[in-house]
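Asker: Next one to model:
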Amino acid sequence: MNPSTSSSAARRRYLFTLVDGGGTVPPELGTVRRLTERGHDVTVLAEDTMADEVLATGARFIRWSTAPNRPTRLPDDDPYRDWECRSTMKLFDRLLDLQFAGPVARYAADVTAAINDQQPDLVVCTMFTPGAMLAAEAAGVPFDIVFPNIYMLPAPGLPPIGLGLQPARGAMGRARDRIVQKVADRSWDKGLDRLNAVRAQYGLEPLDRFWAQADRAHRHVVLTSRGFDFPGQVPANVRYVGAVLDDPAWSSGVDAWTPPAGDDPIVLVALSSTFQDQGDCVRRVIDAVGSLPVRAIVTTGPALDPAGFDAPPNVEVRRSAPHSVVLRHAAAVVTHGGHGTVIKSLAAGVPLVILPHGRDQADNAARVVARGAGVKVAKDAKAKVIAAAISEVLADDGYRKAACALGEIIRTDASSGAVTDELEDVPMACPSPS
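Answerer: The predicted structure is shown next:
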């Protein structure tokens, strides 16, 4: 193993352990590409759905052979089907069983084999693979965790994740956070016995809470701007390195796009690249923008067929377009609130109308609303409500000014090179328990 602790240009070997989270893929693989461009040797252990995108970065691709691995991004191959869950707790239990705790041993087996084969200096894990973290710890290889969004683990001052909460104010707010976090911790700890059973197989001591596994990381690398996330007392090993603003591979260079004729403001509509049963919401958004004096472009992404939507003359519906290009002309964005779309919109100084569907989307919306850079609307809102929200954002220049102020911070952080600097700061390998 490379014993260097500096962030010099010495060539290093990295093993990334990733899952296909839809919007998480472009920033994670953008990080991989930045490392390969600096001459490092990078292997990515990932799902078959990501193979071509991994290879396009210049990295080596290894498929999950024991751990969960979906063959396509079609809804029928989605293992979680979160759109079916009518309660937060049902969805949580499904994710715990199918991703975080249930397959810990399978992830650990694949990562152990990859470590033995590739001999990496650093393992870089998504937070969705605690089994990968465990395997790196057992092998004595340092590991970092990448967060391609806001910081997702508990920290004083940060509201609990998942509910779209604003920061606590006063004693009542702090009590709210303690109660919600205690419920969340108990839910996560339903997976603790399964995690500890695998740790015992690898000669590791038991943990007293599920996410103590993440405490073993060398770094928590957060791919967003500290100025976008809410302020909190995060651990000393947390590094906000700025967003990776790469477009997804499936939208880059596939379909050329030029602004439609006319002078009306351009509104970009982008509701998730993965299936979240968002078809009906897309139709109501199309009805909303169709009723306004705007030029709208609706990108359905791989999850939906654009031919399934009827659109009025001022609305163009297509599978893809490079958002980085469209955003140069857009006056507003209507989105589900995925971090990638939100952060790219803000980087372009474009305010947002957000209709959260789940996952981290309500939390991203809370940060946008708190900064005055957009508004939040219920995902089941009627077309006239959505139209009113779009009209408000277009008419009030305060939203644009707030988005521009955030955008300046985001662009500065994104261009800083901090993500590669932090990942190049590889510590000396630790001795394994065996």
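
Asker: Quick one: low-confidence residue ranges for the chain.
Answerer: 1-9, 80, 82-87, 250-255, 272-273, 275-276, 429-434 (pLDDT under 70).

Asker: how does it divide into domains?
Answerer: What automatic domain parsing lists as the domains of the chain is 13-246+415-424, 266-411.

Asker: so which of those domains is the most packed in?
Answerer: Highest mean neighbour count among these (mean count of other C-beta atoms under 10 Å): domain 266-411, with a mean of 21. Placement of C-beta: from N, CA and C, glycine included.

Asker: Pull up the distance across stretch 63-72, start to finish.
Answerer: Start-to-end span of stretch 63-72 (C-alpha to C-alpha, to the nearest Å) is 13 Å.

Asker: need the strands for this structure, in chain order.
Answerer: With strands called from DSSP state E, the chain shows them at 13-17, 41-46, 60-63, 122-126, 143-147, 219-222, 238-240, 266-270, 295-299, 315-318, 330-335, 352-354, 374-376.

Asker: got TSV for the domains of the chain, with distance to residue 259 too?
Answerer: Below are those laid out as TSV (distance: least, C-beta to C-beta, whole Å):
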stretch	distance to residue 259
domain 13-246+415-424	21
domain 266-411	5
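
Asker: could the strands of the chain go into TSV alongside distance to residue 426?
Answerer: Putting the strands of the chain into TSV (distance: least, C-beta to C-beta, whole Å) gives the following:
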stretch	distance to residue 426
strand 13-17	9
strand 41-46	12
strand 60-63	18
strand 122-126	5
strand 143-147	9
strand 219-222	10
strand 238-240	14
strand 266-270	36
strand 295-299	38
strand 315-318	43
strand 330-335	36
strand 352-354	37
strand 374-376	39
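
Asker: To residue 260, which of the ones you listed lies closest?
Answerer: Residue 260 lies closest to strand 295-299 among those, at 4.9 Å (C-beta to C-beta).

Asker: List the contacts of that closest one.
Answerer: Strand 295-299 is contacted from outside by 251, 257, 259-260, 262, 264-270, 282, 285-286, 289-290, 306, 309, 311, 314-321, 323, 326, using C-beta atoms under 8 Å, 6 or more residues apart in numbering.

Asker: Which of those fall in helices?
Answerer: Assigned to helices by DSSP state H, the following of the contacts of strand 295-299 qualify: 282, 285, 286, 289, 290, 323, 326.

Asker: Closest one of those residues to residue 354?
Answerer: The nearest member of the ones in helices among the contacts of strand 295-299 to residue 354, counting by C-beta to C-beta, is residue 285 at 11.6 Å.

Asker: State whether the closest one and residue 387 are indeed in contact, as I suppose.
Answerer: No: the criterion here is C-beta atoms under 8 Å, and residue 285 misses it with residue 387 at 9.1 Å.

Asker: What distance do you get for residue 65 to residue 72?
Answerer: To residue 72, residue 65 is 17 Å away according to C-beta to C-beta, to the nearest Å.

Asker: dump the residue contacts of the closest residue in space to residue 46 that isn't next to it in sequence.
Answerer: Leaving out its chain neighbours, the residue that sits closest to residue 46 by C-beta to C-beta, 6 or more residues apart in numbering is residue 18, at 4.5 Å. Neighbour list for residue 18: 24, 25, 28, 29, 44, 45, 46, 47, 50, 126, 129 [criterion: C-beta under 8 Å, 6+ apart].

Asker: if I look at the last one, how far off is residue 174?
Answerer: Residue 129 is 32 Å from residue 174, where distance means C-beta to C-beta.

Asker: just residue 279 next, same as before
Answerer: As defined by C-beta to C-beta, residue 279 lies at a distance of 40 Å from residue 174.

Asker: next one: residue 208
Answerer: Counting by C-beta to C-beta, the gap from residue 208 to residue 174 is 24 Å.

Asker: Over to residue 389?
Answerer: In this view, residue 389 and residue 174 are 31 Å apart by C-beta to C-beta.

Asker: List phi and psi for the nearest residue to residue 419 once chain neighbours are set aside.
Answerer: Distances taken as C-beta to C-beta, 6+ apart place residue 241 nearest to residue 419, at 4.1 Å, with adjacent residues excluded. Here is the backbone geometry of residue 241 (degrees, to the nearest 10): phi -110, psi 0.

Asker: What of residue 417?
Answerer: phi 80, psi 10.

Asker: quick one: contacts for it?
Answerer: By C-beta under 8 Å, 6+ apart, residue 417 has no neighbours at all.

Asker: rerun at 10 Å
Answerer: For residue 417, the contacting residues are 34, 38, 241, 242, 424, by C-beta atoms under 10 Å, 6 or more residues apart in numbering.

Asker: farthest-separated two in those residues?
Answerer: Using C-beta to C-beta, the pair of the contacts of residue 417 lying farthest apart is 38 and 242, separated by 16.3 Å.

Asker: What are the boundaries of the helices in this structure?
Answerer: Using DSSP H, helices in the chain cover 25-37, 51-56, 88-95, 104-118, 130-139, 170-188, 192-201, 279-290, 323-326, 339-347, 361-370, 383-395, 397-414, 418-424.

Asker: Let me know the angle separating the fourth one from strand 122-126.
Answerer: Comparing the axes of helix 104-118 and strand 122-126 via axes from the mean of the first three to the mean of the last three C-alpha atoms, to 10 degrees yields an angle of 150 degrees.

Asker: So which elements touch helix 104-118?
Answerer: strand 13-17, strand 41-46, strand 60-63, strand 122-126, helix 130-139, helix 192-201 (3 or more C-beta pairs under 10 Å, 6 or more residues apart in numbering; DSSP states H and E).

Asker: go on, the third one?
Answerer: When contacts are defined as 3+ C-beta pairs under 10 Å, 6+ apart, helix 88-95 sits against helix 170-188.
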